[in-house]
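Undergrad: From the sequence below, what's the structure:
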Amino acid sequence: AETEAMLAELGVSTIAELIAQTVPSDIRLPAPLAIGGSRTETDALAYLKQAAAKNKVFKSYIGMGYHPTLTPNVILRNVLENPGWYTAYTPYQPEIAQGRLEALLNFQQLTLDLTGMDLASASLLDEATAAAEAMALAKRVTKNKSDTYFVADDVHPQTLGVVKTRAEMFGFNVIVGKAADAVNHDVFGALLQYPSTTGDIRNDAALITALQANKAIVAVATDPLALLLLKSPGELGADVVLGSAQRLGVPMAFGGPHSAFFGTRDAYKRSMPGRIIGVSKDRRGNAALRMAMQTREQHIRREKANSNICTAQVLLANIASFYAVYHGPQGLKNIAERIHRCADLFAAGLKSHGVTIENQHWFDTLTFKVADRNAVIQRALQAGVNLRTDLPQTLSVSFNEATSAADITELFDIVLGSGHGLNVA
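TA: Residues are numbered from 1 along each chain as shown. All right, here's what the predicted structure looks like:
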């Protein structure tokens, strides 16, 4: 009866007629989807397991912001697999969300400690969209009237893709080039990667200062574990620091989702995307946490929004927060040093066999040239290993906290072939 009343009010006789009048014909399917009959829950789960079993799960050394991790079982059981955590949404009601708010406050403090910035938000969607948010923030706060944004050519390719797409919608021009060339252009902002997508590490303090002298806002995309050993971007003078928190205990999950961290100067807090958890007092005078600031998002006034992405991957930010608490400052530094040691061992082995390493400095990633590149790639695939192969004429390997001595030996077998004579004890 309600359907008939609705159709009568709209002046149509059937649902099909309504759809024909409202949905353009060029996007309508000529026939319903061939999805077959229904399945019981048990049958559906069995089918999904069968389909998932077709995936070939290789060891990944691709890097580019995605790394195998070792999630502590206590976090896995009590947070990631706990519906009390994974079904929770944005903590609009602080009276029932103090635990989650405390975890997010820890996430913010972790971001501040690593990045050297004044202010941090309680996570964003991922590194690439966080970089696009940094570009938008730069335009909002800069005094430079240019509509051109500079992106260093050693930024992760997926980040560059998202920034270009967002820039097109904003009407910005994007220049991609060597980081040092940024000062040769009149830009309202710039995006740098530290360490770079190929693993190289530069001190861009002088470049950042030169860009800021022209009123440009400089964002630096970075790696949280690398910052345990490197000078922070804040110390280098960056205006915005961002990156993926994935390698802080968040499983790769076939490429996502993963949360991002975002820090900036206190002066830009009103233009920062995301939300900020703050410490307050309840009516009894006890310490209490609440969302101190929340971005103007698309559900308020879309055309005025600081951000049109409201998904913050809060569950995964909480996992990163708990991972940091679980290991503690020294434990995290030990993990970073071990990863760097793996890269050093691999670099030493390659150099001893005449392999040219492209980057002069590194944390976890080595980019190198080999004479038999295609043969190396085939040996890797046969061994169930993914190397980074999208770079022209080179290969790249990124190490992670799960890398073992046996893994490094296997990589020597792949890159150098059998009989290399190297032993990783």
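Undergrad: what's the distance between the closest residue to M64 other than its chain neighbours and E133?
TA: Closest residue to M64 in three dimensions, ignoring its sequence neighbours and counting by Cβ to Cβ, 6 or more residues apart in numbering: H156, at 5.0 Å. Using the backbone N, CA and C atoms, a C-beta is placed for each residue, glycine as well. Per Cβ to Cβ, to the nearest Å, H156 is found 15 Å from E133.
Undergrad: who's more crowded, those two?
TA: Legend: neighbour count by other Cβ atoms under 10 Å for H156 and E133, higher for E133 (30 against 21).
Undergrad: The helix or strand in which the more buried one is found: how far from the chain's middle?
TA: Element membership for E133 (DSSP states H and E) is helix 127-141. Centre-to-centre, helix 127-141 and its host chain are 14 Å apart (Cα atoms, centre = their mean, to the nearest Å).
Undergrad: helices and strands around it, which ones?
TA: Counting contacts by 3 or more Cβ pairs under 8 Å, 6 or more residues apart in numbering; DSSP states H and E, helix 127-141 packs against strand 148-152, helix 157-170, strand 189-194, strand 217-222, strand 240-244, strand 260-264.
Undergrad: Please verify my assumption that V162 contacts A130.
TA: No: at 9.3 Å, V162 does not count as touching A130 under the criterion of Cβ atoms under 8 Å.
Undergrad: if you count what's nearby, which of the two comes out ahead?
TA: Looking at V162 and A130 with other Cβ under 10 Å, you find the greater number of neighbours at A130, namely 29 against 21.
Undergrad: need the contact list for the more buried one.
TA: 124, 221, 242-243, 260-262, 273 (Cβ atoms under 8 Å, 6 or more residues apart in numbering).
Undergrad: Among the residues you listed, which one lies nearest to G99?
TA: F261 (20.2 Å; Cβ to Cβ).
Undergrad: and the nearest residue to the closest one once chain neighbours are set aside, what element?
TA: In space, and not counting its chain neighbours, F261 is closest to T111: 4.4 Å by Cβ to Cβ, 6+ apart. Using DSSP H and E, T111 sits within helix 98-115.
Undergrad: contacting residues around that helix?
TA: 85, 88, 91, 94, 117-123, 222, 224, 227-228, 232-234, 238, 241, 245, 261-263, 276-277, 279, 288-291, 314, 317-318, 320-322, 324-325.
Undergrad: run the last query once more with 7 Å
TA: 88, 91, 94, 120, 122-123, 224, 227, 232-234, 241, 261, 263, 277, 288-290, 314, 317-318, 320-322, 324-325 (Cβ atoms under 7 Å, 6 or more residues apart in numbering).
Undergrad: what about it, distance to the chain center?
TA: 17 Å.
Undergrad: could you point out which element follows that helix?
TA: strand 119-120.
Undergrad: So for stretch 184-204, mean pLDDT?
TA: For stretch 184-204, mean pLDDT rounds to 98.
Undergrad: buried stuff in it?
TA: If you call a residue buried by 16 or more other Cβ atoms under 10 Å, then stretch 184-204 has these buried ones: 185, 187-202, 204.
Undergrad: swap in stretch 199-218?
TA: 199-202, 204, 207-208, 211, 214, 216-218.
Undergrad: Endpoint to endpoint, that stretch covers what distance?
TA: 20 Å (Cα to Cα, to the nearest Å).
Undergrad: who touches it?
TA: Applying Cβ under 7 Å, 6+ apart, the external contacts of stretch 199-218 come out as 138, 141-144, 154, 179-180, 182-183, 186-190, 192, 194-195, 230, 236-240, 359-363, 365-367, 396.
Undergrad: one more time with 6 Å, if that's ok
TA: 138, 142-144, 182-183, 187, 189-190, 192, 195, 236-239, 359, 361-362, 365-367 (Cβ atoms under 6 Å, 6 or more residues apart in numbering).
Undergrad: looking at the protein, which helix or strand does the model trust least?
TA: Least confident helix or strand of the chain, by mean pLDDT, DSSP states H and E, is strand 287-294 with a mean of 86.
Undergrad: what about the longest helix in the protein?
TA: As assigned by DSSP state H, the longest helix anywhere in the chain is helix 314-352.
Undergrad: Mind giving me the packing neighbours of that helix?
TA: helix 98-115, strand 365-369, helix 405-416 (3 or more Cβ pairs under 6 Å, 6 or more residues apart in numbering; DSSP states H and E).
Undergrad: L18: neighbour count?
TA: 15.
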